[in-house]
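Colleague: the following comprises the amino acid sequence and a computationally predicted model.
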Amino acid sequence: MEPDLSNIPPPKSLWMHVRKVVGDMNRSRPASAYLLVAIAVVLLLGYQIVYFREDPRRFAFFLILMFVFFFFVMLRAVIDFFEIARKHIRERGELFKTTIGEKEFIGELGRRVSENRTEE
């Protein structure tokens with residue numbers, strides 16, 4: 001009897017595994033991690049603003065671009081803060097429901113506390 005070869009999935013190359021791992025890492029990383037890298041790039045590219053002292057229009061243009069980028073980074077930081085806080089509150093509520101919120105757990109806890117009090 002020969003094995004059925006039609007159900008065998010095609011082999012994955014190393015590149016396919018690398019793409020999957022990088023994709024999983026990028027999905028789990030918040031946007032603020034990319035903004036940290038962008039801040040460093042903008043600071044390096046924004047260094048050329050010191051060469052535009054003689055041309056006020058160009059100086060103002062680059063300064064406005066830097067402030068717009070700064071505003072975008074601050075806005076994203078506030079959004080990340082609220083997302084993290086909302087996730088924390090939701091998980092805290094779920095944790096409470098799975099432990100102290102269960103009637104069986106409270107009943108067992110009350111029983112053990114009353115047993116310890118009667119022993120003393």
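Modeller: Perfect, I can see it now. None of these values were measured; they are calculated from a predicted model.
Colleague: hey, let's count contacts and neighbours off CA atoms from now on
Modeller: Fine.
Colleague: which ones are touching the residue nearest the centre of the chain?
Modeller: Nearest to the centroid of the C-alpha atoms of the chain, with distances taken as Cα atoms, centre = their mean, sits residue 30, at 3.3 Å. Going by Cα atoms under 8 Å, 6 or more residues apart in numbering, residue 30 touches residue 80.
Colleague: got a pLDDT number for it?
Modeller: For residue 30, the pLDDT comes out at 72.
Colleague: repeat that for the one 4 residues further on.
Modeller: What the model reports for residue 34 is a pLDDT of 79.
Colleague: that one and residue 68, how far apart?
Modeller: Residue 34 sits at a distance of 17 Å from residue 68 (criterion: Cα to Cα, to the nearest Å).
Colleague: equivalent analysis for residue 100, please.
Modeller: Using Cα to Cα, one gets 48 Å for the distance from residue 100 to residue 68.
Colleague: residue 29 too?
Modeller: 24 Å.
Colleague: residue ranges with poor pLDDT in this protein?
Modeller: Applying pLDDT under 70 to the chain flags the ranges 1-3, 120.
Colleague: now do the buried residues in stretch 61-73.
Modeller: 62, 66, 69, 73 (16 or more other Cα atoms under 10 Å).
Colleague: next, the residues that contact that stretch from outside, please.
Modeller: Residues outside stretch 61-73 that contact it (Cα under 8 Å, 6+ apart) are 35, 42, 46, 49.
Colleague: ok now it, how far from the chain's centre?
Modeller: For stretch 61-73, the separation from the chain centroid amounts to 24 Å (computed by Cα atoms, centre = their mean, to the nearest Å).
Colleague: which residues in this structure form helices?
Modeller: 14-28, 31-45, 56-98, 103-119 (DSSP state H).
Colleague: in the second one, what counts as buried?
Modeller: I take that to be helix 31-45. Neighbour count says helix 31-45 has residue 35 buried, by 16+ other Cα under 10 Å.
Colleague: helices or strands up against that helix?
Modeller: helix 56-98 (3 or more Cα pairs under 8 Å, 6 or more residues apart in numbering; DSSP states H and E).
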